[in-house]
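> Predicted coordinates and the sequence they were generated for:
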Amino acid sequence: MNYDDLLKDQPLPPKVKEEIKKKLAEINADEALARKIVERCVQTYFRNLMEPGEAAGIVAAQSIGEPGTQMTMRTFHYAGVAEIDVTLGLPRLIEILDVRKHPSTPMMTIRLLPEYAKSREKAREVANRIEATYVLDIADVTTDIRHLRIIINPDPKALERKGLTLNEVKKKLEKKLKMEVTEEDGKLIIQIPPDVDKPYKTLMDTFDKLKKEVIAGIKEIRRVIIRKEGDEYVLYTEGSNLKKVMKVKGVDFTRTLTNNIYEIYEVLGIEAARNAVIREAVATLEEQGLEVDIRHIMLVADVMTADGELKQIGRHGVAGEKQSILARAAFEMTVNNLLEAAVKGEVDELKGITENIIVGQPIKLGTGDVELVMKLGGRR
Amino acid sequence: MIPKRIAGIKFEVLSPQEIRRMSVAKIITPETYDDDGFPIDGGLMDLRLGVIDPGLRCKTCGGKAGECPGHFGHIELAAPVIHVGYAKLIAKLLNATCRECGRLLLKEKVRDKFIEEIENRKRLGQDYEEIIKEVYRRAKAVKKCPHCGADQIEVKFEKPTFYYEGEHRLTPKDIRERLEKIPDEDLPALGLNPKAVRPEWFVLTVLPVPPVTVRPSIILETGQRSEDDLTHKLVDIIRINQRFLENKEAGAPQLILEDLWELLQYHVTTYLDNEVSGIPPARHRSGRPLKTLAQRLKGKEGRFRGSLSGKRVNFSARTVISPDPCLSINEVGVPKVIAEELTVPLYVTERNIDEAREYILRTEHPKANYVIRPDGRRIRVMDTNREELAEKIEPGWIVERQLKDGDIVLFNRQPSLHRMSIMAHYVRVLPYKTFRLNPAVCPPYNADFDGDEMNLHVPQSLEAQAEAKILMAVQEHILSPRFGGPIIGGIHDHISGLYLLTRGERRFTREEVMSIIRPLNVKELPPPKYAEDGKEYWTGKQIFSLILPDITLEFKAEICQGCDECKKEECPYDAYVIIKNGELIKGTIDEKAVGAFKGIIIDEIVRKYGTEKAKEFIDQMTHLAIRAIMFTGFTIGIDDEDIPQEAIEQIKEVIAEAERRVEELIKAYREGNLEPMPGRSLEETLEMMIMRELGKARDQAGKIAGKFLGMDNAAVIMAVSGARGSMLNLTQMAACIGQQSVRGERIKRGYTYTNRTLPHFKPGDLSAKARGFVESSYKRGLNPIEFFFHAMGGREGLVDTAVRTSQSGYLQRRLINALQDLKVEYDGTVKEQTSGTLVQFRYGEDGVDPMKSFRGKSVDIERIVKEVFAEERR
């Protein structure tokens, strides 16, 4: 039986409709029964709706804030991937709501295109393109002060593991250091021209620079770990750079994640950022075994992203940009807010909660938002 | 009557004219009182500024102390001084405007473009701060005035109030002159509103003097007057001001005048803000820094957070709480002494005048404490005037009668982290001196009885009482809006009691059943399940069924062992609960069924029969559970953790084995035979493997101990039923405490340079014992070394808790501040009230209230289907 027609015009959310359909099919309901169930569902749905005037924000804030006291402070824990440390618990939640540009433990989950996801070698190949490789990872570097040169003695095994050839390394180095690199029986030599001003200093500077130079991969990504998940290989990284990783060949960027929300905001835009906030906050709370309804978290994420900009919860964001002077003054930086408001000749229109509490008026929320007028002399 | 509402509050900068206009007195002398203790005219306590001494009358309005709100005065400053709050802005203005003609250092066209953009953004409600910043940046870079062609010299600003043009120091007078030249047309581009402010007002020439009511002096027991900090500061200002004037008139050298000027600046600065960086704060004679204007407003105890957003209230009480299982969950036991002090207003009408009269005439507990006349006068009811007052009252009077049984009150425990921290209870006046509450409401308040205190408030208006009854009553908060599940339910003894009652097929004789169900509202007993030798027996499950409403449920209990394959009704542990039409057929009742946070049965009852029924169930359930646990008796003692010698041997063996393995690992590591885990160093790998090995050992020890403790052990019963404690706690008491950790690692701090934790070990010792593994049990006791390690781990826990509370408290405050103005509108959208920003088109994407949702699901389809099926079958 087709239940779609029955559900089509019902004012239910799509997800509920899907669920009802599944359930109806499962019990193989006939039309009368199906109609009855759907009707009951609609009734229940209407009964379960939020009431107008409800202080949704305060409930959300309390629902997220209250379990905060039960969270751990322990910054590091091993989540999912035992090899990578991730910030968890209260510090992570604070980090998310603060919209830190540089979270303390950036991490990416990179999924690969089908042709790379199936074999470890292929996955390794992509990993090599992503993981930052320094000269020291693939070679011994020594300085020869007498001849004013740096000798790079590559480790063939490491080279192979990283999928690099000596020639590639040479070219990369030449480009990065803007110096000539010569090859001598399997070693790379950087000769400092003896006619420069301070040859010894140049030698040491070059040496330091060389050590910092990334010859393959992406600078921010310090480590890549390959793990098999189901029937595909997945890369986990320490460090994050979404923009660059998305461009790497073999990466399925539609299924690639980072825990750096600000990066998502910059690369993928505000809607993606909203989803990232929700995902990260839910994951943090869930990991701590705390049950919080997703609607609360969605509301927080929506407030943070409502005007197209990712704003933090706090003095430099949502709470600090309140229209009301009194509300801002009551939050933080009382004196500054008042002085500034005076210069701008601002007017507090007393629309919010704090302002009305301060001047001693009923607030426009819940029962304060409605008025009852009694009709006198009506019914006896 | 529709009450008046304030439409708005405008903020502006006071102009000198405005200050003089609102002033009622020019203050000229630093003296406050004369020898008789009478305020001096023209002094800081001038009677025109208002009065604080009772008996005196204000010379401006004629009001007495308490009636007169106070009036401002003013001080004419002998020389202009900078307002510290605007010092930085002044510097910016000086650099953005011409030093000759005072105009903004941008071409008119450019300026107008900026102004237009600012107006635009303002209209759209966007942030325009950046544009103003850009104006300042561009104007500062200009070297030559585009209007008069004068060369510009950069003004260097030095905190807090000094300005230098090259080497030359600018006096406040120079600055004021320059600021005066800035035309009004340029102000919007500089972020100033010409309607609200003129830049030269940032340099003060007149200082307003706040009314005495703002800075009341207190009289000490010695009869001495102690002045407010603000008065002290004002005295300083006037004194220097006078000195400056005298010196100027006497033609004192410029140097002395400058010194005095600077001193005046210092006093005015600290008068406005005594925490300015760069200058020492002004101090009281005792050495305490003065609390001046800015300090009064700022911070938690400041005017905004301490006196305006939150206030002290009347009609409230606070005392220690203690449990009383005989109360309903929506009741609170109020000590009689408190009930006699708190009052509820009774608005006298024609219909209740007799009742009111009776309260006035009563001499015992629910009597009237005060009556309020229609003109607002409050009269205490005493033996002397009782009869007279009872005669006098008529409609329009208010009788304040004492709190009595059945009144509604708000009950609160701090920290008030969620709305369940303040709930409405019905009063039960009881003897003794503590508030009494049903232990089942402890979870939402997060209360226990180790000395916790709680607050009680009596709502005064009828609206408030109605709201409290309808919206705030305890039963309305059984479901938490956080996750859509019950937050009120059985705890501790309730759970172990029901567990003992319903576990297996315990039989009770008629007498026993009667004694257990005595407190319940049960009229009839079902037929006994067993009858032997002519005796009737009822099972515990039958007894529990007596309080169940007609519900049908199936779920796994807390004691579920998580077998690979669930045998459902055949469960060997009796952990599969089946309730059919209000009868418990199979399974044990434990935390999962009736506990706070989990209680599936409670959840079901609220949804099916509503909050009232759920409240009744919880009441009955707690009564039954307490009776049941009293019937068997339930206690634990130190010998409950005794395990036989055999078990001790086994545990020792397990731990010795683990330590051997750790040694092996260390050996492998020393010899370089340890294979590192991917992406980990050798040391990290070793640590992880050792931790795992020792963790396993502890778990094994726990298993052995658990086996020997058996299911009849009271502590085990509490742990498995979820009443209190966990198997881990028992393991630690009976078998082995396990690894102590600091920062999630084995303990490694201590003597870094020999790399050992204590001098009892060899340098570099990595063995289990040397790194904080405690193999003793709490019962057996720890050796000194173990004790030390344990204290290290314990201390970390304490610090952690302390840091966490402050951090999460601040997070909560920020969240509340950011989200408080969100409201669900009639069309289902969520809007920010102050700015009108649309935040969500539909609350939570489906508009469903999380509290009413079924653990997040908007519609509980399973239940509906079940219900419909049940109806069909009938």
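Received the coordinates, thanks. Please read all numbers here as calculations on a predicted model, not as lab measurements. Residues are numbered from 1 along each chain as shown, chains lettered A, B, ... in the order given.
> all contacts plus neighbour counts: C-alpha atoms, from now on.
Fine.
> Just give the number of residues close to residue A:225.
A count of neighbours around residue A:225, defined by other CA atoms under 10 Å in any protein chain shown, yields 18.
> just residue A:186 next, same as before
By other CA under 10 Å, neighbour count at residue A:186 equals 12.
> Likewise for residue B:219?
Residue B:219 has 11 neighbours, counted by other CA under 10 Å.
> which ones are touching it?
Residues in contact with residue B:219 (CA atoms under 8 Å, 6 or more residues apart in numbering or on different chains) are B:225, B:226.
> How about residue B:115: what's its closest non-neighbour residue?
Distances taken as CA to CA, 6 or more residues apart in numbering or on different chains put residue B:189 closest to residue B:115, at 5.2 Å, once the chain neighbours are dropped.
> sec struct for that neighbour, please.
The assignment at residue B:189 comes out as helix when based on DSSP: H, G, I helix; E, B strand; the rest coil.
> With chain A as the reference, measure out to it.
According to CA to the nearest CA, to the nearest Å, residue B:189 stands 11 Å off from chain A.
> Tell me the spacing between that residue and residue B:202.
As for residue B:189, its distance to residue B:202 is 18 Å (criterion: CA to CA, to the nearest Å).
> One more: residue B:660?
Plainly put, residue B:660 is 78 Å away from residue B:202 if you go by CA to CA.
> Run through chain B and note the low-pLDDT ranges.
Chain B contains residues with pLDDT under 70 at B:1-3, B:678-679, B:874.
> per the record, what domains does it have?
As given by automatic domain parsing, the domain ranges for chain B are B:26-70+B:210-299, B:84-199, B:316-484, B:493-632, B:638-797, B:821-874.
> try chain A
A:4-47, A:133-216, A:322-369.
> out of these, deepest packed?
Counting by mean count of other CA atoms under 10 Å in any protein chain shown, domain A:322-369 has the highest mean neighbour count of the domains of chain A, with a mean of 20.
> and residue B:366, how many residues sit next to it?
18.
> so what's residue B:470 up against?
Taking CA under 8 Å, 6+ apart as the test, what residue B:470 contacts is residue B:476.
> Thought residue B:113 was touching the residue nearest to residue B:115, still the case?
No - look at residue B:189 against residue B:113 with CA atoms under 8 Å: they stay out of range, at 9.2 Å.
> higher neighbour count, these two?
Higher neighbour count among residue B:189 and residue B:113: residue B:189, with 25 against 12, using other CA under 10 Å.
> can you list the residues of the stretch 1-150 of chain B near chain A?
Listed as neighbours of chain A in the stretch 1-150 of chain B under the rule CA under 8 Å from any CA of the partner chain: B:5, B:6, B:7, B:8, B:9, B:10, B:11, B:12, B:13, B:85, B:86.
> Give me the subset of the residues you listed that lies in strands.
Cross-referencing the residues of the stretch 1-150 of chain B next to chain A against strands under DSSP state E gives B:9, B:10.
> Need the residue closest to the centroid of chain A.
residue A:261 (2.8 Å; CA atoms, centre = their mean).
> Okay, that residue and chain B: tell me how far apart.
Distance from residue A:261 to chain B, by CA to the nearest CA: 18 Å.
> phi, psi of that residue?
Main-chain torsions, residue A:261, degrees, to the nearest 10: phi -70, psi -40.
> show me what contacts it?
A:96, A:99, A:101, A:273, A:276, A:277.
> Just give the number of residues close to the third one.
A count of nearby residues for residue A:101, using other CA under 10 Å, gives 12.
> ok, back up a step: include distance to residue B:338 and mean pLDDT when you put the domains of chain A into TSV, please.
What follows is the domains of chain A, written out as TSV (distance: least, CA to CA, whole Å; pLDDT from 0 to 100):
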stretch	distance to residue B:338	mean pLDDT
domain A:4-47	41	83
domain A:133-216	74	78
domain A:322-369	28	88
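> quick one, phi psi at the residue lying farthest from the centre of chain B?
Note on chain B: the largest C-alpha distance from the chain mean falls to residue B:533, namely 62.5 Å (CA atoms, centre = their mean). Note on residue B:533: its backbone torsions stand at phi 50, psi 40 [degrees, to the nearest 10].
> May I have the residues that are in contact with residue 173?
I went with chain A, as the question did not name one. Listed by CA under 8 Å, 6+ apart, the contact partners of residue A:173 are A:179, A:181, A:215.
> not quite, I wanted chain B
So residue B:173 contacts B:79, B:80, B:81 (CA under 8 Å, 6+ apart).
> can you list contacts of whichever strand or helix holds the first one?
Assessed by DSSP states H and E, residue B:79 sits inside strand B:73-82. With contact meaning CA under 8 Å, 6+ apart, strand B:73-82 is reached by B:19-20, B:22-28, B:49, B:161, B:172-173, B:176, B:202-211, B:238, B:241-242, B:244-245, B:261, B:264-265, B:268-269.
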